[in-house]
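A.B. asks: Next input, structure requested:
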Amino acid sequence: MPARKKTGGLGKAIQNARLKKNTRPVSNMHTTEIVEEGHDKFKSVIDRNDLVEFLVQAELQDRRFDAIRQTRINNTDPVHIDLNTLKSKEAGEILTLNLKRLRIPRKPKWDERTSGEELRQRENDSFLNWRRELARIEETTANVHITPFEKNIEIWRQLWRVVERSDIVIQIVDGRDPLFFRCEDLEDYVKECDASKQNILLVNKADLLSDDVRRVWSEWFTKNKVSHIFFSAKAEQERIDKDGVDVGGVAAEFVNSPKIANRAVLLDILREKAREVRQLSPIGGEGELVTIGMAGFPNVGKSSLINVLCERKMVGVTSQPGKTKHFQTIYIEKDLLLCDCPGLVFPSLVSSRAEMVCNGVLPIDTIRDYWAPAQIIVMRIPKRLLEAFYHMTIQVDGNISASDLLSGYSKSRGYLTGRALPDEAKAAKIILKDYVSGKLLYCHLPPDYDAKENPVWQFNSAEELKKIAEKPPEEPKPLRAETKVEADFFEEEEKKTGAEDGELNEEEVALALELKEVRGLKLTKAQRREIKFAVKRGDTVRLKNEQVVVTQPPGKRSAELV
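C.D. replies: Here you go, the predicted model:
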């Protein structure tokens, strides 16, 4: 008997044990029993279907729902307020009120007498009330849709802990669209926890912005009393990798200024802020530990900033959003502690799902609707810049659509589907990744800035476009019909179609049996066998529609009948 093949190992055994541990007893009835524990506990959840959402909310309420047969539920349509039928002033007041109500969830009050189970239930109740309030805003206001946001309470618990522990909270935003990534209510929540806590807005990826764009944004932030610093974690990491000299500067010149701070300057700014925190603390003193929290959307560079400040890789970094699963603490100095929070997608009324894809909040590889994000790129970047960047020509006059861009790119690169159509899905993912990474650049301006009166260049610089123009274009892949395999196939097909119908003479029959081919038609073993026996019987062999046909001579048929 053969030996049994070994199908598992220690790793498989650990996985099975963990799965058994996290599996709850199966009930005989349909209930709200679901499993959301184990290694997926801190997984970011942006979208849920209605059934899973209902079950999760039931779990948070610590309630049990059993299925009851033969029961009907009468659903009433919600009442909507149409902003278009109201006066502009009233509509503006309603929308402003909803924006103020669109807050992040708060952690409930607690003290040393609060038990862990009691605090957990309070947090669940607070989170559910927050979810209901968002749903109420969506139902009672027309033309208002709340974009996907973080629905896993465990991720919000990480933010609550980071804010509680931190003396200074740095909110990191992408410099190409700071207002999309900035959450004003997070700044309010920090002050609600403790008025002595400080907020700092760190504008990352500032190396992608021109001097004029940084100046415009710095003026806007200063006007709105927002403390800000421009920084580039990627540029600093490249300098560190090349063993570049860390040149410092006067810290005060980089706060609320369009200048880009380097690592040494940023550390000086943090030390100065920590000194202010110690002075305000009742038990403060030199050497007291100050915690600095990092918060923001996914993929804005929080972990990259920590690695730069530590000058070595301390936390994992990837281009995919949601790498950090739970908060982590790292000492950069004996009295300075960094606290990294997982990226959170805050709720918003002013953005769309396509815009979230373009800003790198949602992963590109899993999207299904790629036309909407591509249309945003087409609307923002002029046609001539797209043609220059990708070394292609879009054969459309005037404004172009997303399909024009994707089809033109696919044809220029030779990307085709199995049906020989332009592979627009593949082209969209490549272009979107270029846009998210900053290769294909577009920078937003403040909402009240008049770009017509004072134009500012928002795209790739002239030097970058010149380098792109000098770079040889990517050679397109050969079309499917031009590959060697398919070329041979079509050649053989042409030979087959060249076989003429008609009776075979003795010479052709002999060659057919010897060379296994006749009149350009390759013969199968069965066809050769049929020809061989037909010759022995004295039958006539002919070709008809590339098939071997055997017929008996008329004289022979008459003799057999007699």
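A.B. asks: Can you mark which positions in stretch 232-245 are buried?
C.D. replies: Buried residues in stretch 232-245, counting neighbours by 16 or more other Cβ atoms under 10 Å, are found at 232-237, 239. Quick note: C-beta positions are derived from backbone N, CA and C, even for glycine.
A.B. asks: Mind exporting the C-alpha coordinates of stretch 264-283 to CSV?
C.D. replies: C-alpha atoms of stretch 264-283 as CSV (Å, rounded to 0.1, in the frame of the first residue of the first chain):
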residue,chain,number,x,y,z
ALA,A,264,16.5,67.9,10.9
VAL,A,265,14.2,70.9,10.7
LEU,A,266,11.1,68.8,11.4
LEU,A,267,12.8,67.2,14.5
ASP,A,268,13.7,70.7,15.7
ILE,A,269,10.0,71.8,15.3
LEU,A,270,8.8,68.7,17.2
ARG,A,271,11.3,69.4,20.0
GLU,A,272,10.1,73.0,20.2
LYS,A,273,6.5,71.8,20.4
ALA,A,274,7.3,69.3,23.0
ARG,A,275,9.0,72.0,25.1
GLU,A,276,5.8,74.1,24.9
VAL,A,277,3.8,71.0,26.1
ARG,A,278,6.1,70.5,29.1
GLN,A,279,5.7,74.2,30.0
LEU,A,280,1.9,73.9,30.0
SER,A,281,1.9,70.6,32.0
PRO,A,282,1.4,71.0,35.8
ILE,A,283,4.0,68.4,36.4
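A.B. asks: Which residues in it does the neighbour count mark as buried?
C.D. replies: 265-270, 273-274, 277-278.
A.B. asks: Tell me where the stretch 101-250 of the chain has helices.
C.D. replies: For the stretch 101-250 of the chain, helices defined by DSSP state H, counting those that start in this stretch occupy the ranges 116-140, 153-165, 178-181, 184-193, 211-223, 233-241.
A.B. asks: which helices and strands does the shortest one pack with?
C.D. replies: To tie it back to what came earlier, the one meant is helix 178-181. Under the contact definition 3 or more Cβ pairs under 8 Å, 6 or more residues apart in numbering; DSSP states H and E, helix 178-181 sits against strand 168-174.
A.B. asks: Contacts for the strand it packs on, please.
C.D. replies: 162-163, 180-183, 186-187, 190, 197-205, 270, 273-274, 277, 290-297, 300-302, 305, 359-360 (Cβ atoms under 8 Å, 6 or more residues apart in numbering).
A.B. asks: From the residues you listed, keep the buried residues only.
C.D. replies: 162-163, 180-183, 186-187, 190, 197-205, 270, 273-274, 277, 290-297, 300-302, 305, 359-360.
A.B. asks: Mark which of the residues you listed are part of strands, please.
C.D. replies: Residues of these located in strands (DSSP state E): 198-204, 290-296.
A.B. asks: Switch those residues over to a markdown table; also include pLDDT.
C.D. replies: Formatted as a markdown table, these follow (pLDDT from 0 to 100):
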| residue | pLDDT |
| --- | --- |
| Q198 | 94 |
| N199 | 95 |
| I200 | 96 |
| L201 | 97 |
| L202 | 97 |
| V203 | 97 |
| N204 | 96 |
| V290 | 94 |
| T291 | 94 |
| I292 | 95 |
| G293 | 94 |
| M294 | 93 |
| A295 | 94 |
| G296 | 92 |
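A.B. asks: out of those residues, who's nearest L521?
C.D. replies: Distances from L521 to those, taken as Cβ to Cβ, are shortest for N204 (69.0 Å).
A.B. asks: what sits against the closest one?
C.D. replies: 172-175, 231-233, 300-301, 304-305.
A.B. asks: go with 6 Å
C.D. replies: By Cβ atoms under 6 Å, 6 or more residues apart in numbering, the contact list for N204 reads 172, 231, 233, 300-301.
A.B. asks: can you pull out the strands in the stretch 301-450 of the chain?
C.D. replies: Ranges of strands in the stretch 301-450 of the chain, per DSSP state E, counting those that start in this stretch, are 328-333, 336-340.
A.B. asks: The shortest one vs strand 168-174, what angle?
C.D. replies: Relative orientation of strand 336-340 versus strand 168-174 (axes from the mean of the first three to the mean of the last three Cα atoms, to 10 degrees): 50 degrees.
A.B. asks: partners of strand 336-340 in the sheet?
C.D. replies: Sheet pairing of strand 336-340 (DSSP bridges) gives strand 290-296 (parallel), strand 328-333 (antiparallel).
A.B. asks: follow-up on the earlier one: reformat the buried residues of stretch 232-245 as JSON lines; add pLDDT and distance to L119.
C.D. replies: Formatted as JSON lines, those follow (pLDDT from 0 to 100; distance: Cβ to Cβ, whole Å):
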{"residue": "S232", "pLDDT": "95", "distance to L119": "40"}
{"residue": "A233", "pLDDT": "93", "distance to L119": "35"}
{"residue": "K234", "pLDDT": "91", "distance to L119": "40"}
{"residue": "A235", "pLDDT": "91", "distance to L119": "43"}
{"residue": "E236", "pLDDT": "92", "distance to L119": "40"}
{"residue": "Q237", "pLDDT": "89", "distance to L119": "39"}
{"residue": "R239", "pLDDT": "88", "distance to L119": "45"}
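A.B. asks: Redo those residues as CSV? Include distance to R353.
C.D. replies: Output for the buried residues of stretch 232-245, formatted as CSV (distance: Cβ to Cβ, whole Å):
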residue, distance to R353
S232, 28
A233, 27
K234, 27
A235, 31
E236, 32
Q237, 31
R239, 36
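A.B. asks: Specify which member of those is nearest to R136.
C.D. replies: For the buried residues of stretch 232-245, the nearest to R136 is A233 (39.1 Å; Cβ to Cβ).
A.B. asks: The residue lying closest to that closest one once chain neighbours are set aside: neighbour count?
C.D. replies: Leaving out its chain neighbours, the residue that sits closest to A233 by Cβ to Cβ, 6 or more residues apart in numbering is S304, at 4.0 Å. S304 has 21 neighbouring residues, counting by other Cβ atoms under 10 Å.
A.B. asks: Repeat that for the one 3 residues further on.
C.D. replies: Counted with other Cβ under 10 Å, residues neighbouring N307 total 20.
A.B. asks: so it touches K313, yeah?
C.D. replies: Yes. In this structure, N307 is within contact of K313 by Cβ atoms under 6 Å, at 5.3 Å.
A.B. asks: Against N199, how distant is I240?
C.D. replies: 28 Å (Cβ to Cβ, to the nearest Å).
A.B. asks: same question, A510
C.D. replies: To N199, A510 is 96 Å away according to Cβ to Cβ.
A.B. asks: same question, P105
C.D. replies: Taken as Cβ to Cβ, the span from P105 to N199 is 19 Å.
A.B. asks: to the chain's geometric centre, what's the distance from stretch 233-251?
C.D. replies: What separates the centre of stretch 233-251 from the centre of its chain is 29 Å, taken as Cα atoms, centre = their mean, to the nearest Å.
A.B. asks: Endpoints of that stretch, how far apart?
C.D. replies: End-to-end distance for stretch 233-251: 17 Å, by Cα to Cα, to the nearest Å.
A.B. asks: List the contacts of it.
C.D. replies: 204, 207, 263-265, 268-269, 272, 301, 304-305, 308, 311.
A.B. asks: rewinding a little: take the contacts of N204 and lay them out in JSON lines including distance to A252.
C.D. replies: Formatted as JSON lines, those follow (distance: Cβ to Cβ, whole Å):
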{"residue": "I172", "distance to A252": "21"}
{"residue": "F231", "distance to A252": "16"}
{"residue": "A233", "distance to A252": "22"}
{"residue": "V300", "distance to A252": "25"}
{"residue": "G301", "distance to A252": "24"}
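A.B. asks: which two from the residues you listed end up farthest apart in space?
C.D. replies: Between any two of those (Cβ to Cβ), the greatest distance is 11.3 Å, for F231 and V300.
A.B. asks: picking up where we left off before, among the strands paired with strand 336-340, which is nearest D365?
C.D. replies: strand 290-296 (22.1 Å).
A.B. asks: Nearest the geometric middle of the protein, what residue?
C.D. replies: P363 (1.3 Å; Cα atoms, centre = their mean).
A.B. asks: about what we covered before: hey, which of the strands of the stretch 301-450 of the chain is tucked in deepest?
C.D. replies: Among the strands of the stretch 301-450 of the chain, strand 336-340 has the highest mean neighbour count (mean count of other Cβ atoms under 10 Å), at a mean of 22.
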